[in-house]
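A.B. asks: Any chance you can model this:
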Amino acid sequence: MLLQEELLSLEQLEEEGSLLPQQIQRKVEIQSQLLMILEEEELYWFKRSHEKWLHEGDNNTEFFHRVANGRKRKNTILSFKKEDEIIEGDSNLLAHATEYYKTLFGPEQGHSFPLDPDLWDENELVQDFENEILTQPFSEEEIKEALFQMEKNKAAGPDSIPIEFYQSCWEIVKNDIVQLFDDFYNGLLDVSRLNYGVITLLPKVVDAEKIQQFRPICLLNCLYKWITKCKDRWTKRGVNWAFFKFLK
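C.D. replies: Model (predicted):
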């Protein structure tokens, strides 16, 4: 390119001695123009690739199958390496992963200890009126407040319902949601229907072969995350001192 050749000649002159003010200004102009050309070229190829995906990506074409098969091959775990043993087969892989994460996240034996009920003085215990505040039923206001504090554009859980649905349709679904929270408060809700998810293993390194080299992620239903957010309402109700005074 002529611009690149002109820039090269100016840089050679600059190495031999200082440039004149008009030469310095011309050098800056050329560099700016070259950056604009590179940005336009990058944008051009991005649009071309996006256009190809729009035209062929979701159609039953060879391009779609190459993309889908490539992603499937990349995400499929065929085996795990455990010391000198190679673990293969869906049932064996599942058993190995289950055992590993139960050991990793499960409770350790011998790490529990009881607390003496007389450890705290009478004035350090939660009083009856404080307990009433802490254990009162969920209100519609705090349910709504927790909902609109939740972040948008997050991956949905197994039910495929994102948080944006509840935020957009709050006035439509609020009665059903409040009833759900009442059932949870009264112990009538089957939490197992909400508290479940599919664990996916993502490789942390290239050519990962050991389970320690994978990062587990688990997408939970928005309703369950919503309930847990409302359960953390002690500090919002201004009575967190009733707990922290234990630490005095």
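
A.B. asks: can you give me the strands for the protein?
C.D. replies: Using DSSP state E, the strands of the chain run over 79-82, 85-88, 197-203, 214-220.

A.B. asks: rank those strands by mean pLDDT and give me the bottom one.
C.D. replies: Sorting the strands of the chain by mean pLDDT places strand 197-203 lowest, at a mean of 83.

A.B. asks: Now do that one: which elements does it pack against?
C.D. replies: Judged by 3 or more Cβ pairs under 8 Å, 6 or more residues apart in numbering; DSSP states H and E, the packing partners of strand 197-203 are helix 90-105, strand 214-220. The way it works is simple: take the backbone N, C-alpha and C, and place the C-beta from them, glycine included.

A.B. asks: count of neighbours near Glu140?
C.D. replies: 12 (other Cβ atoms under 10 Å).

A.B. asks: could you dump the helices and strands packed on strand 197-203 to JSON lines with distance to Gln167 and mean neighbour count?
C.D. replies: Converted to JSON lines, the helices and strands packed on strand 197-203 look like this (distance: least, Cβ to Cβ, whole Å; neighbours: other Cβ atoms under 10 Å):
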{"stretch": "helix 90-105", "distance to Gln167": "31", "mean neighbour count": "12"}
{"stretch": "strand 214-220", "distance to Gln167": "17", "mean neighbour count": "15"}
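
A.B. asks: Between those, which one is closest to Glu145.
C.D. replies: Of all the helices and strands packed on strand 197-203, strand 214-220 sits nearest to Glu145, with 20.3 Å by Cβ to Cβ.

A.B. asks: The helices and strands packed on strand 197-203 into a markdown table, with extra columns for distance to Lys231?
C.D. replies: Below are these laid out as a markdown table (distance: least, Cβ to Cβ, whole Å):
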| stretch | distance to Lys231 |
| --- | --- |
| helix 90-105 | 20 |
| strand 214-220 | 14 |
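
A.B. asks: closest to Asp207 out of these?
C.D. replies: Per Cβ to Cβ, nearest to Asp207 of the helices and strands packed on strand 197-203: strand 214-220, 11.9 Å.

A.B. asks: Can you give the distance of that closest one from its chain's centre?
C.D. replies: Here strand 214-220 is found 9 Å from its chain centre; the criterion is Cα atoms, centre = their mean, to the nearest Å.

A.B. asks: ok, now stretch 80-88?
C.D. replies: On Cα atoms, centre = their mean, the centre of stretch 80-88 falls 30 Å from that of its chain.
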